Each structure stands twice: as structure tokens, then as C-alpha cells.
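In: I need the structure of the sequence given here:
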Amino acid sequence: RIARSEGTAGLWSGLAPNILRGMSMNVGMLACYDEAKQAIVKVTKEPDSMTTRLASSAVAGFCCAFLSLPFDMIKSRLQNMKVDPVSGARMYSGVADCASKIVRNEGFLALWTGFGAYYGRCAPHAMIILLSVEQITTMYQKAFDLDPDRHALSSAARFTSTGTVSNYHDGDDEDEDRGYDD
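Out: Model prediction:
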């Protein structure tokens, strides 16, 4: 039906903002989790408690929602726009045009309309994903008898607290024996 009424290109309407939305969701969630966890551990003094993990992932969910909602709104507007039956014109010509029209006609903060409901959707997603990653990492470390302290990376050198980025060194370091496994 879409291909008939809007053409084959109509099947991909909203693809670019959907990619942007997905990227911003992951950046918000993954980049904020470790930083939030470090800040919350200063208060709770318990790095591995469920309270620390839940609070950290809730903060990550907030960042996820804040960064991705504008792209979600643009994606929805592009996907829901109708072609004028008389002129054949579209309301928006693309992502930038849609964003500029929203800001011009509705104001800058309109990009975050419905934030509460959107956060209510993003926070549980972030919590489930990040708690699962923590649990899987713990099981992996136990299964392969890895010492999490010995293989821990600084938060600047990893995407999540799971240590998904390996201990990297390029051979240019003066201190050759840094205690890493090669």
C-alpha cells in the first residue's frame, strides 16, 4: 500500500532520523552510565549494589531520552507526513527542514514535547539493557576466571562498565611491563 501510494522511496521515509535516533539513544545510555555510576558510588559507597546499578541506569535512561527525543519527533513527523493530494507537495523536504520548521513554528523546546512519557519508555529500556550487561559480564568473568579488578579499565577507556574495550597498548609505551596480558 505504501509503495503504491507514496512510491518505493516511501518505504524508507524516516530512515535517516531513525538512524540518528538510534545513535543518540546509545550514546546517551552508554556514555552516561559509567559517569553516573561513579557519582552515585560516592554517595552509596557500594559499587555493585542493585541500588547503585538502578540509579545509574535511570540517569543513563534520562540522557538517552534527552538526546534522542528530538530525533524521534523528527522521525515521527517525517513518517506521518501526508502528501498533498492536489499539489503533490510534502510538508517537509527532509530532516533539516523538518527540524527547522518545528523550531520556527513551535519553539526550540518543542523538540522535547512529551519528554515525561518518552523517559518513561527509555528508562526501563536502559535499566534492562545495562543491568543485563552487568550481569552477563559478571558471569563471563567468573566463567573464564578473570579478576575484574586486574582487567578493569578506566571509564575513559571503555564504553560501559563491562570492560568491552580490551586493554589496548600500541607498543609505543616506555613502560613495557604494565601488568596486562598480551
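
In: what about Val86, is that helix, strand or coil?
Out: Here Val86 takes the coil state, with states given by DSSP: H, G, I helix; E, B strand; the rest coil.

In: whoops, I mixed them up, Asp147
Out: At Asp147, secondary structure determined by three-state DSSP is coil.

In: check contacts around it.
Out: Residues near Asp147 by C-beta atoms under 8 Å, 6 or more residues apart in numbering: Gln141. Using the backbone N, CA and C atoms, a C-beta is placed for each residue, glycine as well.

In: next structured bit after the helix or strand where Ala58 lies?
Out: In the assignment (DSSP states H and E), Ala58 maps to helix 50-80. Downstream of helix 50-80, the next assigned helix or strand under DSSP H and E is helix 95-106.

In: just the CA atoms of that next one, as PDB, please.
Out: Output of helix 95-106 as PDB, limited to C-alpha atoms (Å, rounded to 0.1, in the frame of the first residue of the first chain):
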ATOM      1  CA  VAL A  95      15.400  16.000   8.400                       C
ATOM      2  CA  ALA A  96      16.900  19.600   8.500                       C
ATOM      3  CA  ASP A  97      13.700  21.100   7.000                       C
ATOM      4  CA  CYS A  98      11.500  19.300   9.500                       C
ATOM      5  CA  ALA A  99      13.700  20.300  12.500                       C
ATOM      6  CA  SER A 100      13.800  24.000  11.300                       C
ATOM      7  CA  LYS A 101      10.000  24.100  10.800                       C
ATOM      8  CA  ILE A 102       9.400  22.600  14.300                       C
ATOM      9  CA  VAL A 103      11.700  25.100  15.900                       C
ATOM     10  CA  ARG A 104      10.400  28.100  13.900                       C
ATOM     11  CA  ASN A 105       6.700  27.300  14.300                       C
ATOM     12  CA  GLU A 106       6.600  25.700  17.700                       C
END
